[in-house]
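Participant: Using only what follows, build the 3D model:
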Amino acid sequence: MTETPFAGLDTPQNRLILTVVAVVMAGALFYYVIRAWRRRTEYRRLDSSIIAAGSEHLRNVLVPDGMGAVMHIDYLLLTSRGVLVIDLRDIRGNIFGGDQMTEWTVMNGASRSTFQNPQHALYDRVAAVRALCGELPVEGRILFTRRGKFPKGLPRWTLMVDSLRAEFPSVDSEASQSWIDRYLEGWKVLCAAVSPSPLRRRRGFLAQVFAE
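Facilitator: Reported below is the predicted structural model:
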């Protein structure tokens, strides 16, 4: 009988090695699937908590800046106080920032990193939205997820996600609904002026979930 070229490889030891490799690969695949599912669930929970602060919302849009270019905005919400521009930040660790600081610092365990003060970009986004809304009031907030903390206090226009509903409560009264009704015309103008953004500026775990 003629032996096949791989006959010598079919040994109990090699079969054990292949079994172990298969189990490890299956375990790794299971781990990453579960991890992705958890991150996607976390993202959806975060998204729901944000849009709940407004009666209407736009997500991941491009807004004209008045000079022929556009800028990305994570969320636009219609609240009883007008339009809220949200710059979402998902940063893990202790964050140290101030209104006059060029860069803010993040301390996460032994690691240290910095990022540009996001207030300046927020001012530009608010100005661009305000130019489209006419008399409709426009505010802006840099919204941080639960993974970040500000041990020295929050800089101006920053907000933690758990405090969003407290500062911008849902429309639960006739007076609030009356303001919303007044703002709807300006909101429709804003909706017509923006376009979907091809850039989904996810940060941290937001960069690792599946696209919707």
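
Participant: can you give me the helices in this protein?
Facilitator: Using DSSP state H, the helices of the chain run over 12-51, 119-133, 164-167, 174-193.

Participant: Compare those helices and report which one is nearest to Lys152.
Facilitator: Distance to Lys152, taken as Cβ to Cβ, is lowest for helix 119-133 among these, at 15.7 Å. All C-beta spots, glycine's among them, are computed from the backbone N, C-alpha and C.

Participant: buried ones in the closest one?
Facilitator: By 16 or more other Cβ atoms under 10 Å, the buried positions in helix 119-133 come out as Gln119, Leu122, Arg125, Val126, Ala128, Val129, Arg130, Leu132, Cys133.

Participant: now swap in stretch 107-118 and tell me
Facilitator: Asn117, Pro118.

Participant: And the contacts of it?
Facilitator: 87, 89, 91-94, 96-97, 101-106, 142 (Cβ atoms under 8 Å, 6 or more residues apart in numbering).

Participant: Bridge partners for the residue nearest the centre of the chain, pull those for me.
Facilitator: Nearest to the mean C-alpha position of the chain, by Cα atoms, centre = their mean, lies Leu88 at 4.6 Å. Beta-bridge partners recorded for Leu88 (DSSP bridges): Leu143.

Participant: that older thread, deepest-packed of the helices of the chain, please.
Facilitator: Among these, ranked by average contacts under mean count of other Cβ atoms under 10 Å, first place goes to helix 119-133 (a mean of 18).

Participant: Just the angle for it relative to helix 174-193, thanks.
Facilitator: Calculated by axes from the mean of the first three to the mean of the last three Cα atoms, to 10 degrees, helix 119-133 forms an angle of 90 degrees with helix 174-193.

Participant: so how far is helix 119-133 from its chain's centroid?
Facilitator: Its chain's C-alpha centre and that of helix 119-133 lie 18 Å apart, by Cα atoms, centre = their mean, to the nearest Å.

Participant: same question, stretch 133-147
Facilitator: 13 Å.

Participant: again, but for stretch 49-68
Facilitator: On Cα atoms, centre = their mean, the centre of stretch 49-68 falls 12 Å from that of its chain.

Participant: ok, now stretch 56-76?
Facilitator: Using Cα atoms, centre = their mean, the offset of stretch 56-76 from its chain centre is 15 Å.

Participant: what about that stretch, start to end distance?
Facilitator: The first residue of stretch 56-76 is 8 Å away from its last residue (Cα to Cα, to the nearest Å).

Participant: Show me what it is in contact with.
Facilitator: 47, 50-51, 77-78, 83-88, 124-125, 128-129, 131-132, 143, 187, 190-191, 193-197, 199-201.

Participant: Any buried residues in that stretch, and which?
Facilitator: Those buried within stretch 56-76 under the rule 16+ other Cβ under 10 Å are 56-64, 70-76.
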